[in-house]
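Undergrad: With the input below, show me the fold.
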Amino acid sequence: MAEGLVGGALGGEEEKPEVEAPGTLAGAEAFAAAVAAIASRQDPEVARDTSAFLKEQTRLLQTQRRHLDDEHTLRMTQLGHQSKLLRGQRIGQGFRIAFQVAVVPLVLVIIIGIAVMLHDAFTSRSVVIESFDAPSSLIERGITGKVVASGLLDELTRLQAATLGLRDRKRALRNAWSSEVQLAVPEVGISIGEISRLLKARLGHDLHISGDVVEAPSGLALTVRGDGVAAKTFRGAAGTLDSLTTQAAEYVYAQSQPAQWAQYLATMGRYDEGIVFAREAYSRTEPSERGSLLLGLGLSLGLSGRHEEAVQTLRQAIALDPSEYAGRSDLIWEETIVGDEEAAWRDGMAMLKYAGGRPGRVSELWYHNFDDLTGNLLAERDALVADRDSTAGTGQTFRINLQIAEVEIRLHDPIGAGQALGLVSLNQDLFGQSRSRSVRAGIAAEAGDLQAAASEIEAATTACAQFSSGGSGTCLVLICQTALIEEQAGHHDKADAALGAGGHYLDCYRFRGDILDHRGDWAGAQKAYADAVALAPDLPAGYYSWGLALSRHGDLAGAVAKLKDANQRGPHWADPLKSWGDLLVKLGQPKEALAKYDEALKYAPNWKQLKQAREAAANQKT
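TA: Numbering: from 1, shown residues only. Okay, here's the model as predicted:
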């Protein structure tokens, strides 16, 4: 019984977990005492054996407890080390992530940098000026190869700046030493700039210009040569290095950028030279740039008075390059000058369609001649002003401040016209003087000083005739305006003379109608108005003048119909809208008149008479 009891107790002890050893030991001691007490009552020997066995078990349990205590301490130490290890691993992972976050953008920057360099290399079309060779005798006098190359670069930059406002540049200028070591690459021992130059040399289309300067019997001899530029020597006296450099720069510019050079010659008034150059350079000009070259030729032809040839040349330029919007704009102007204003309107509509409408793929600036035809004057003025301000005052069209002043007059804003005229250079050629005088005539007419207006317009006509050797094109259009102003000033003979010299232009026909009507020839006036409409049925000016005349003769319904026609063809022209409002006032419809005046003010916000008419209509309405 005792053995079964002990065995049962020991068996139960073996099944308990080690973590319960302290409790088990205490229980075993109590159990041993109890068993010993029971056994002592039965058999002393059994009691002694039982007691000894239980003591041995107690010592065993105590040993196990010490082992468990030691193991617990070790396990807790290990857990602490594991916690620190995990914390270190987390910190390490943080560092790796941070490093990756830092490295990935750097790698992306490097990849992008390589891509940019490759793109620049493939698309590079720069003119690179290399250092020139010079003998020691010139170097001692300060004429080094670098000095000569720098002077050439300065002249080329000046030439390019002079044409910057005309058209987008196809090439950029830089010197060969302007981008020296900036960022080293230790692995290969060369600079980023050198890598870029090597790539451009291999993959690009740069034009490298070099040369030499030597002493010659006559003084100095400056030779330039380059890729695709035949060597040419310029000779002069010892003190003419600047002049030789200018000649060399013009030669290089003409050879490297023929289209730009042709336009430059036109802007500088070197028309004959420009015509000869453009025709000679056509065959050697890249096909993609021939349209721009023909544009320069067209400019020189038109400005020299050869307008019919200019029209044909500009049409050829557009056929080669339909995206030559500047050429399209110039074509509209030249067609206007030759008296084919309806064709000019059609070409304006073609440009509008090709560009995908407004706003579209073309700058608003290149609509300015089309806007001038259709009376979209505020848009024309704003585009010209924006272009002037974005090009440091040079503009991409000729005599831009004069153009702005002329538009301001048509907007009935003499103050704005005077401000623009104040920006015009005082040193003008005869053509510039003519246009300035015509603007002053308009300012005087707006002020009601018809005698001063007549005096200014006469001076404008005289200067224009002297400029064009007898007057054609622009001068004939000016003569039409002269006739009307002379008639208003009471100079009937001068008006007749101007009408006789005028050509077949829309303004000439409609102003003839005004003059005949003023003289009482109503039948002749109506025929002139009809001729104006027939000449350019899609333009508003003929309908407008006819509507005013019908109003003067009391045919208010007919006048409204003509003014409505004018408004449909020139919806942004304020003049027909104001006259329409004036008719509505006469018809006793001040509310409707006020709406027309408000619409007109959107397109001519500084028109004094329009504001006065609106105020009167508003008072009448109340």
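Undergrad: Without its sequence neighbours, what residue ends up closest to residue 251?
TA: Nearest residue to residue 251, sequence neighbours excluded (Cβ to Cβ, 6 or more residues apart in numbering): residue 232, at 5.7 Å. Bear in mind the C-beta positions are built from the backbone N, C-alpha and C, glycine included.
Undergrad: what does residue 459 give?
TA: residue 437 (4.7 Å).
Undergrad: Find the helix or strand that the one you found is a member of.
TA: helix 430-446 (DSSP states H and E).
Undergrad: Look up how far residue 484 lies from the residue nearest to residue 459.
TA: Using Cβ to Cβ, to the nearest Å, residue 437 is found at 16 Å from residue 484.
Undergrad: With residue 551 instead?
TA: 18 Å.
Undergrad: Kindly report the same for residue 457.
TA: Distance from residue 457 to residue 484, by Cβ to Cβ: 9 Å.
Undergrad: What is the subsequent helix or strand relative to the helix or strand encompassing residue 291?
TA: Element membership for residue 291 (DSSP H and E) is helix 290-303. Proceeding N to C from helix 290-303, the next assigned helix or strand is helix 307-320, under DSSP H and E.
Undergrad: in that following helix, what counts as buried?
TA: Using 16 or more other Cβ atoms under 10 Å as the test for burial, helix 307-320 gives 307, 309, 310, 311, 312, 313, 314, 315, 316, 317, 318, 320.
Undergrad: now, which of the residues you listed sits nearest residue 507?
TA: residue 307 (16.5 Å; Cβ to Cβ).
Undergrad: one step back: ok, residue 457 and residue 484, which is more surrounded?
TA: Between residue 457 and residue 484, residue 457 has the larger neighbour count (other Cβ atoms under 10 Å), namely 29 against 22.
Undergrad: And that one, how far from residue 406?
TA: For residue 457 relative to residue 406 (Cβ to Cβ), the value is 13 Å.
Undergrad: And for residue 456?
TA: Residue 456 is 13 Å from residue 406, by Cβ to Cβ.
Undergrad: which residues do the two both contact?
TA: residue 438 (Cβ atoms under 8 Å, 6 or more residues apart in numbering).
Undergrad: How many residues are close by residue 525?
TA: Residue 525: 24 neighbours (other Cβ under 10 Å).
Undergrad: hmm, back to that, out of the buried residues of helix 307-320, flag the one nearest to residue 157.
TA: Closest to residue 157, out of all of those and judged by Cβ to Cβ, is residue 317, at 27.0 Å.
Undergrad: Do you know the pLDDT at that closest one?
TA: In this model, residue 317 is scored at 96, pLDDT.
Undergrad: Skip the chain neighbours and tell me the closest residue to it.
TA: residue 294 is the one closest to residue 317 (Cβ to Cβ, 6+ apart), at 3.6 Å.
Undergrad: what distance separates the start and the end of stretch 332-348?
TA: Chord length of stretch 332-348, first to last residue, is 7 Å (Cα to Cα, to the nearest Å).
Undergrad: Which of the residues in that stretch are classified as buried?
TA: 332-345, 347-348.
Undergrad: Same question for stretch 447-463.
TA: Buried, per 16+ other Cβ under 10 Å, within stretch 447-463: 450, 452-463.
Undergrad: ok, those residues vs residue 276, which is closest?
TA: Using Cβ to Cβ, the buried residues of stretch 447-463 come closest to residue 276 at residue 463, 27.3 Å.
Undergrad: biggest helix in this structure, by residue count?
TA: Ranked by number of residues, the top helix in the chain under DSSP state H is helix 44-123.
Undergrad: which is the next helix or strand following that helix?
TA: Next helix or strand after helix 44-123 toward the C-terminus (DSSP H and E): strand 127-129.
Undergrad: Neighbouring strands - and their directions - for that following strand?
TA: Strand 127-129 has the following strand partners under DSSP bridges: strand 173-175 (parallel), strand 207-216 (parallel).
Undergrad: Tell me which helix or strand comes right after that strand.
TA: Next helix or strand after strand 127-129 toward the C-terminus (DSSP H and E): helix 136-139.
Undergrad: out of the strands paired with strand 127-129, which comes closest to residue 426?
TA: Closest among those, using Cβ to Cβ: strand 173-175, at 31.6 Å.
Undergrad: That closest one - what's its average pLDDT?
TA: Rounded mean pLDDT across strand 173-175 is 52.
Undergrad: just stretch 400-418 next, same as before
TA: For stretch 400-418, the mean pLDDT works out to 96.
Undergrad: go on, stretch 149-161?
TA: Stretch 149-161 carries an average pLDDT of 84.
Undergrad: Same check on stretch 55-65?
TA: On average, stretch 55-65 scores 78.
Undergrad: Quick check: can you list the domain ranges of the chain?
TA: 2-97, 127-256 (automatic domain parsing).
Undergrad: distance between stretch 267-287 and the chain's centre?
TA: Distance of stretch 267-287 from the chain centroid (Cα atoms, centre = their mean, to the nearest Å) equals 27 Å.
Undergrad: Quick check: buried residues in that stretch?
TA: The neighbour-count check on stretch 267-287 (16+ other Cβ under 10 Å) flags 267, 271, 274, 275, 277, 278, 281, 285 as buried.
Undergrad: And stretch 525-539, by the same measure?
TA: Quick answer for stretch 525-539 (16+ other Cβ under 10 Å): 525, 526, 528, 529, 531, 532, 533, 535, 536, 538, 539.
Undergrad: One more: stretch 219-239?
TA: Buried residues in stretch 219-239, counted by 16+ other Cβ under 10 Å: 220, 221, 222, 223, 224, 226, 229, 233, 234, 236.
Undergrad: Just the C-alphas of that stretch, formatted as CSV.
TA: Listed next in CSV are the C-alpha coordinates belonging to stretch 219-239 (Å, rounded to 0.1, in the frame of the first residue of the first chain):
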residue,chain,number,x,y,z
GLY,A,219,48.7,94.4,-93.0
LEU,A,220,46.6,91.5,-91.7
ALA,A,221,45.1,88.4,-93.3
LEU,A,222,42.2,86.7,-91.4
THR,A,223,41.2,83.3,-92.7
VAL,A,224,38.1,81.4,-91.5
ARG,A,225,37.2,77.8,-92.3
GLY,A,226,34.9,75.2,-90.9
ASP,A,227,32.7,72.1,-91.5
GLY,A,228,30.9,72.8,-94.8
VAL,A,229,32.3,76.4,-94.8
ALA,A,230,34.9,76.9,-97.5
ALA,A,231,38.0,78.7,-96.3
LYS,A,232,38.0,82.4,-97.1
THR,A,233,40.6,85.1,-96.3
PHE,A,234,39.8,88.7,-95.5
ARG,A,235,42.7,91.2,-95.9
GLY,A,236,43.1,94.7,-94.5
ALA,A,237,45.5,97.2,-92.9
ALA,A,238,47.1,96.5,-89.6
GLY,A,239,44.5,98.4,-87.6
